[in-house]
Each structure stands twice: as structure tokens, then as C-alpha cells.
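Engineer: Build the 3D model from these lines:
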Amino acid sequence: MPAARSPDRLKTGLTMTIHAAPTAIDPHELRTAMSRFATGVAVVTTFDGEKREGLTVNSFSSLSLDPPLVVWSLRKNSPSLATFQRATGFAVNILCADRRELSHHFATPHSDKFLGVEYDDGSFGFPVFSGNLALFECRKSQVVEGGDHLMFIGEVLRVTYRDDVPLIISSGRYCTPLAPANSARCKRFDLDRSRRNRGG
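Structural biologist: Purely as a prediction, here's the structure:
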């Protein structure tokens with residue numbers, strides 16, 4: 001009598017792979033693993049016409065070059081969320097290595113985070129800080145839901161940058177590159193003006 005065909009094989013003789021149900025990932029472990037990805041540090045600021053708001057993030061990223069879009073995310077239960085939702089845009093201040101105190105300040109809850117902090121109103125009314133490694137002033141383009149966060153997509157209207165030592169965070173600790181960059185002159189490029197010059 002021929003041997004019975006194994007139940008894990010199809011009639012074609014091909015092996016059928018049986019996938020076990022995925023194991024639930026512990027949020028704490030996931031966050032710890034993600035913290036191993038070293039990133040720069042930014043303070044995102046806004047003004048909704050009544051209140052200035054800002055917070056430290058490392059979720060900032062470039063999204064598109066044409067059109068010029070950037071993205072960052074914010075927890076749905078963040079006390080800062082309502083102000084960012086009401087505002088028409090935001091500024092992303094990329095911090096240098098010597099701005100650890102500023103990063104820590106905006107990562108800590110305060111009723112008024114701008115009390116005692118030096119800042120200027122940027123080109124579009126959003127708070128900006130001096131000595132930034134880079135600055136992106138943005139119009140809010142979209143807000144997209146992603147799990148327990150909202151992703152804020154901004155169209156970059158003006159950008160300023162310079163070469164200096166960046167502030168980096170990895171595994172919850174601040175760090176800096178081993179070889180600092182050479183200082184360079186600050187540059188400004190107005191995307192709106194460049195579009196007009198191209199006839200766009």
C-alpha cells in the first residue's frame with residue numbers, strides 16, 4: 001500500500017508553508033529598539049494666533065524634494081497637539097551640539113515653554129532660535145493618522161542652514177560626531193522667490 005501523503009504537501013507535490021500567528025510586539029521593547037537608530041534633534045514650533053507651542057522631536061524627516069515636503073509625528077495624547085492642529089504651519093529648528101539645554105527644555109512639560117527662552121518670530125510668524133544648524137519654515141500641507149500618532153506634513157517655504165556640529169541622540173543619550181564639521185557661512189534660500197524666478 002502506498003504511503004499516505006503528508007498533510008503539509010499539496011497535490012502538486014509542493015511544500016505548503018504554514019505561518020504561525022505573529023507574536024505581539026511589546027511597545028516598550030519596540031521603542032527601545034527604535035532608539036538605537038541615531039538621529040538629529042529638532043525643536044518644532046508653531047503659533048496659532050493665540051498660543052506659541054514647541055516640542056523636541058527626533059521623528060523629523062525629508063519626505064519629498066519636488067514639491068519640497070518634510071514630515072514629523074506627534075502623539076495623539078500630547079498636550080501640544082491642539083495648537084499644532086489649529087496652526088497653519090510650523091518651524092523645524094535643527095539643533096547644534098551646544099543646544100542640549102534647549103532640547104531638554106522643550107522635551108519637558110511647561111505651561112508656557114517660551115517663558116524665559118530667547119527666540120524670534122520667523123518669516124511666517126513661527127518661533128525660531130538663533131544658532132540653528134538648519135531651519136525649515138513650513139506651511140502645513142497635510143495631517144495623516146498613523147496608529148497612536150499624527151504625521152504633520154509641511155511644505156517648506158524657506159530654509160536656512162550652516163555647517164556645524166549637530167546634536168545627535170541615540171539610545172536616549174545625547175552624542176556628537178567624532179569629527180566636527182568645519183564652520184561655514186550661513187545661507188538662505190527662499191523657495192517662493194525661486195519659483196517666481198522660474199515662472200512657476
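
Engineer: in the chain, which helix or strand is least confident?
Structural biologist: Among the helical and strand segments of the chain, the one scoring lowest on mean pLDDT, DSSP states H and E is helix 191-197, with a mean of 45.

Engineer: show me where pLDDT drops low in this structure?
Structural biologist: Across the chain, residues meeting the criterion (pLDDT under 70) sit at 1-21, 35-37, 179-200.

Engineer: What segments of it are helices?
Structural biologist: Here the chain has its helices, by DSSP state H, at 27-34, 81-86, 100-106, 191-197.

Engineer: which residue is nearest the centroid of the protein?
Structural biologist: Taking CA atoms, centre = their mean as the criterion, Phe60 is the residue nearest the geometric centre of the chain, at 1.6 Å.

Engineer: is it true that that residue touches Ala91?
Structural biologist: No - taking CB atoms under 8 Å as the definition, Phe60 is not a contact partner of Ala91, at 11.4 Å. Quick note: C-beta positions are derived from backbone N, CA and C, even for glycine.

Engineer: joint contacts of the two?
Structural biologist: Taking CB atoms under 8 Å, 6 or more residues apart in numbering as the contact rule, the neighbours common to Phe60 and Ala91 are Val44.

Engineer: about what we covered before: so who does the residue nearest to the centre of the chain touch?
Structural biologist: Residues in contact with Phe60 (CB under 8 Å, 6+ apart) are 39-40, 42, 44, 70-72, 92, 94.

Engineer: Let me have those in TSV, extended by neighbour count and distance to Gln142.
Structural biologist: TSV is the format used below for these (neighbours: other CB atoms under 10 Å; distance: CB to CB, whole Å):
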residue	neighbour count	distance to Gln142
Thr39	17	22
Gly40	17	23
Ala42	27	19
Val44	27	16
Val70	22	12
Val71	18	9
Trp72	24	12
Val92	24	16
Ile94	20	22
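
Engineer: Who is the residue nearest to Asn132 when sequence neighbours are not counted paired with across the strands?
Structural biologist: Closest residue to Asn132 apart from its sequence neighbours, by CB to CB, 6 or more residues apart in numbering: Asn93 at 5.0 Å. Beta-bridge partners recorded for Asn93 (DSSP bridges): Val43, Leu135.

Engineer: ok now do Asn93, which residues does it touch?
Structural biologist: Counted by CB under 8 Å, 6+ apart, Asn93 has contacts 42-45, 128-129, 132, 135.

Engineer: do that again at 6 Å, thanks
Structural biologist: By CB atoms under 6 Å, 6 or more residues apart in numbering, the contact list for Asn93 reads 43, 129, 132, 135.

Engineer: Which phi and psi values does the second one adopt?
Structural biologist: In this case it means Phe129. Phi and psi for Phe129, reported as degrees, to the nearest 10, are phi -110, psi 150.

Engineer: do the same with the third one
Structural biologist: Backbone geometry at Asn132, expressed as degrees, to the nearest 10, gives phi -70, psi 150.

Engineer: What's the local residue count around it?
Structural biologist: If you count neighbours by other CB atoms under 10 Å, Asn132 ends up with 23.
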